[in-house]
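K.L.:
Build me a model:
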Amino acid sequence: MQDNQTIGFIGTGLLGAPMVENLLADGFTLRIYNRDKKKCAPLVAAGAQAVDRPWDVAEASGLVFSCVSDDAALEAVVGPEGELPRHLGSGGVHVCLSTILPATAGRLARQHTDLNGYYVAAPVMGRPDAVRVRKQTYFVAGPAAGKARAVPLLDRLGLRVFDFGDDPAQANVAKLGANFLIAAAIEGLAEAATFVSKNGGDPKLMLDALTQTIFACPVYQNYGRQILEGTFSPPLFKLPLGLKDVRLIKATAAEAAAPMRLAEVLESRFLAALAHGRGDQDWTAIAAEVRAEAGLD
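P.N.:
Below you'll find the predicted structure:
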């Protein structure tokens, strides 16, 4: 990208804000938008410029990142008449960092292609604490010309970029598959810990042994610790977003005629947690539902 070009960034929530902070720290000029203007204030104080409409972050033939919570929020910031791709125009690049339906990615990509622009899907693999210290990864897919402008910035923002080809939808397919595995791991950890507790054992001793050997990876180590400690607040990934992702997984699986029985269990578990008032907690709070179902706590 040109050295004097302003980067647009839509969505300055838990994931977006630390990315904006890191781009500012690297000396980039940013124009930002968030539906809740209060979330822009610290970033404006750090040097970003806030705008009133999402598509106003875009320069002609420029580059814009979007990082919003779901498909509906993304459609809203793109604009009812495709305002964002029209403002970017020919040669413009929209890098979408959100976890959305692959079908939505395909539809938005066509809007940009029709205007000779580029849509690059780059969903984030990492929680806010990882993003802040640039330890997240990105699943990237889209046209080569769009990726050529997006990937250098993603490389400096995170740990690694994984390329899933030219079709933007495939990055979202992979991200949904990854989130399914994480949700399944949380459910599995919760059930295993509850099983040990109900049989008079110490789940911490079990998880200490496993997370130093055959399950020595961040998902089991970090989520296992959260589950054992019951630290579900403040959330690093809110429970309703977990339910949203499980539903995206189910919808995409149904369209492909790919039965996913565990996804049914996960949806039921997330729904129960939401019904019991856990909507402001982390998605690991489904562990409390597992314990309660077993008569603990």
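K.L.:
And the residue lying closest to residue 202 once chain neighbours are set aside, how far from residue 204?
P.N.:
Nearest non-adjacent residue to residue 202, counting by CB to CB, 6 or more residues apart in numbering: residue 196, 7.0 Å away. To be clear about C-beta, it is placed using only N, CA and C from the backbone, and glycine gets the same treatment. Counting by CB to CB, to the nearest Å, the separation of residue 196 from residue 204 is 9 Å.
K.L.:
mind giving me the domain split of this protein?
P.N.:
Following the assignment in automatic domain parsing, the chain carries domains at 7-166, 172-293.
K.L.:
Pick the most buried one from these.
P.N.:
Mean neighbour count (mean count of other CB atoms under 10 Å) peaks for domain 7-166 among these, with a mean of 20.
K.L.:
Can you give the distance of that one from its chain's centre?
P.N.:
Remark: domain 7-166 is offset 12 Å from the chain centroid, using CA atoms, centre = their mean, to the nearest Å.
K.L.:
same question for that domain, mean pLDDT?
P.N.:
For domain 7-166, the mean pLDDT works out to 97.
K.L.:
going forward, begin numbering at 24 instead of 1
P.N.:
Understood, numbering begins at 24; the last thing we discussed is domain 30-189.
K.L.:
Straight-line length of that domain, end to end?
P.N.:
Terminal residues of domain 30-189 lie 23 Å apart, using CA to CA, to the nearest Å.
K.L.:
Then stretch 154-174?
P.N.:
16 Å.
K.L.:
again with stretch 84-100
P.N.:
So stretch 84-100: terminal residues 18 Å apart, CA to CA.
K.L.:
cool, and stretch 43-62?
P.N.:
12 Å.
K.L.:
Quick one: residues in contact with that stretch.
P.N.:
27-36, 39-40, 63, 66-67, 69-77, 79-80, 96, 100, 155, 157, 176, 179-180 (CB atoms under 8 Å, 6 or more residues apart in numbering).
K.L.:
Just the endpoints, please. Distance across stretch 55-65?
P.N.:
With CA to CA as the measure, what separates the two termini of stretch 55-65 is 12 Å.
K.L.:
Looking at the protein, which helix is longest?
P.N.:
Longest helix of the chain, by residue count under DSSP state H: helix 191-221.
K.L.:
Show me what that one is packed against.
P.N.:
When contacts are defined as 3 or more CB pairs under 8 Å, 6 or more residues apart in numbering; DSSP states H and E, helix 191-221 packs onto helix 125-137, strand 141-144, strand 160-163, helix 226-234, helix 241-252, helix 262-278, helix 284-298, helix 309-316.
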